[in-house]
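1. My questions are about this predicted structure, shown below with the sequence.
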Amino acid sequence: MSETLHILGAGSLGLLWAARCADAGIDCRLILRTPQALRDWHSRHDQLLLEQQGCSQTLRVAAELAGDSQQPIHRLVIATKAWAVADALDSVAPRLQADSQLLLLQNGLGSQQAVRARLPSQRVLYASVTDGAWKREANHVVWAGIGQTLVGDPQQRPAPDWLALLGHAGIDWRWEPQIMPVLWLKLAVNCAINPISALHDCANGEVPERAGASFAPLLAELHALLASQDVALPLPQLRERILGVVQATAANSSSMRQDLTAHRRTEIDFILGHACRTARRVGLATPVLDALYRQLQNRLAELGLPQD
């Protein structure tokens, strides 16, 4: 199997992983979305700037368009936004092989299951990433917070050997045999923080105060939703977990708030939307979650952004 690692998506996380791989000498190819993006990349001599704590290093990362190469893709990291996964996968589908393996880094839930349904013959791995990163420019990524990446197989098979590349790249990762509870818990944390921070245009640390009296019933609804998905976590522990994230990221702006502020398409449907749809499917009443979802959809309509 080829040692090349392809990374699809040049957002902050895709650039961060490309930089880490390049720094470790791993053959990494960044797949860009448009010819103009590729021309711009080449005009900067294929250089990627990685900044951490005020220090920057310049790394060379090869880039290509999905259709510019006939080289088979055996190992693919998809680092796009959740709503972009389907189109991104379309772009590389002709290059995937029967033994191709994909690693999905998306927020929320729904996009992962759609990929697995579309590619039943290939191995599709899910990941939960807690690194903080943002882009200064198209080829300049800031590593703002060191996190951990939990990787697992929803079919609960053993970890593939090629994931050792992540360790070689210095990525703090761990194989998680039960990845779905991890992703559901992350979704619950995001549902408790992101929508409120976006609606009130506030930093994460202000979320409980801004939510006011609705915060406790919101956590109760999320606890019931997790229980319906076989995530056994007492409500006090869930509250402690969420408040811990609020405190640890108090000065941060959630991704949902950032997207709304920048008038970018959001991942609301894969976070809050997925939670509400799942609740309906299992017969749970979630009035607080439903109200947040409606308010956010109205806000998206006001801004002329897609409401999906």
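-> Sure, I can see it. None of the values given here were measured: they were computed from a predicted structure.

2. Break down the stretch 1-150 of the chain into its helices, ranges please.
-> Using DSSP state H, counting those that start in this stretch, the helices of the stretch 1-150 of the chain run over residues 12-23, 35-43, 85-92, 111-118.

3. any idea which of these is most buried?
-> Greatest average neighbour count among the helices of the stretch 1-150 of the chain goes to helix 12-23 (a mean of 24), per mean count of other CB atoms under 10 Å. C-beta here means a position set from N, CA and C on the backbone, and glycine is covered the same way.

4. Which elements pack onto that one?
-> With contacts taken as 3 or more CB pairs under 8 Å, 6 or more residues apart in numbering; DSSP states H and E, helix 12-23 sits against strand 5-8, strand 28-32, strand 47-52, strand 55-60, strand 132-137, strand 140-145.

5. Export it to PDB, keeping only CA atoms.
-> What follows is helix 12-23, C-alpha atoms only, in PDB (Å, rounded to 0.1, in the frame of the first residue of the first chain):
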ATOM      1  CA  SER A  12      -7.500  25.100   9.600                       C
ATOM      2  CA  LEU A  13      -7.500  21.500  10.600                       C
ATOM      3  CA  GLY A  14      -6.500  20.200   7.200                       C
ATOM      4  CA  LEU A  15      -3.600  22.600   7.100                       C
ATOM      5  CA  LEU A  16      -2.600  21.700  10.700                       C
ATOM      6  CA  TRP A  17      -2.400  18.000   9.900                       C
ATOM      7  CA  ALA A  18      -0.600  18.700   6.600                       C
ATOM      8  CA  ALA A  19       2.000  20.800   8.500                       C
ATOM      9  CA  ARG A  20       2.500  18.200  11.200                       C
ATOM     10  CA  CYS A  21       3.000  15.500   8.500                       C
ATOM     11  CA  ALA A  22       5.400  17.600   6.400                       C
ATOM     12  CA  ASP A  23       7.400  18.500   9.500                       C
END
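
6. Also compute the angle for that helix relative to strand 55-60, please.
-> Angle of helix 12-23 versus strand 55-60, following axes from the mean of the first three to the mean of the last three CA atoms, to 10 degrees, is 70 degrees.

7. which residues are in contact with helix 12-23?
-> 5, 7-8, 10, 28, 30, 48, 50, 57, 59-61, 77, 79-80, 105, 129, 131, 133-135, 139, 141-143, 165, 169-171 (CB atoms under 8 Å, 6 or more residues apart in numbering).

8. Which strand runs longest in this structure?
-> Under DSSP state E, the strand in the chain containing the largest number of residues is strand 96-104.

9. among the helices and strands packed on helix 12-23, which is nearest residue 201?
-> strand 132-137 (17.7 Å; CB to CB).

10. pLDDT weak spots in the stretch 101-250 of the chain?
-> Within the stretch 101-250 of the chain, not a single segment meets pLDDT under 70.

11. re earlier: could you export the helices and strands packed on helix 12-23 to a markdown table, including columns for mean neighbour count and distance to residue 14?
-> Below are those laid out as a markdown table (neighbours: other CB atoms under 10 Å; distance: least, CB to CB, whole Å):
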| stretch | mean neighbour count | distance to residue 14 |
| --- | --- | --- |
| strand 5-8 | 24 | 5 |
| strand 28-32 | 24 | 7 |
| strand 47-52 | 18 | 10 |
| strand 55-60 | 12 | 14 |
| strand 132-137 | 16 | 9 |
| strand 140-145 | 19 | 9 |
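
12. Tabulate the ones you listed in a markdown table, adding columns for distance to residue 109.
-> Output for those, formatted as a markdown table (distance: least, CB to CB, whole Å):
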| stretch | distance to residue 109 |
| --- | --- |
| strand 5-8 | 19 |
| strand 28-32 | 24 |
| strand 47-52 | 29 |
| strand 55-60 | 32 |
| strand 132-137 | 21 |
| strand 140-145 | 23 |
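
13. I'd like to know which of those strands lies nearest to residue 121.
-> strand 5-8 (18.3 Å).

14. Quick one: mean pLDDT over the closest one.
-> Per-residue pLDDT values over strand 5-8 give a mean of 97.

15. Give me the residues contacting that strand.
-> Residues outside strand 5-8 that contact it (CB under 8 Å, 6+ apart): 14, 17-18, 21, 26-31, 66, 73, 75-80, 88, 91-92, 165.

16. what do you get for stretch 219-238?
-> By CB under 8 Å, 6+ apart, the list of residues contacting stretch 219-238 reads 180-181, 184-185, 188, 191-192, 239, 241-242, 275, 278-279, 282, 284, 286-289.

17. Tell me which of these fall in helices.
-> Per DSSP state H, helices hold the following members of these: 180-181, 184-185, 188, 191-192, 239, 241-242, 275, 278-279, 282, 287-289.
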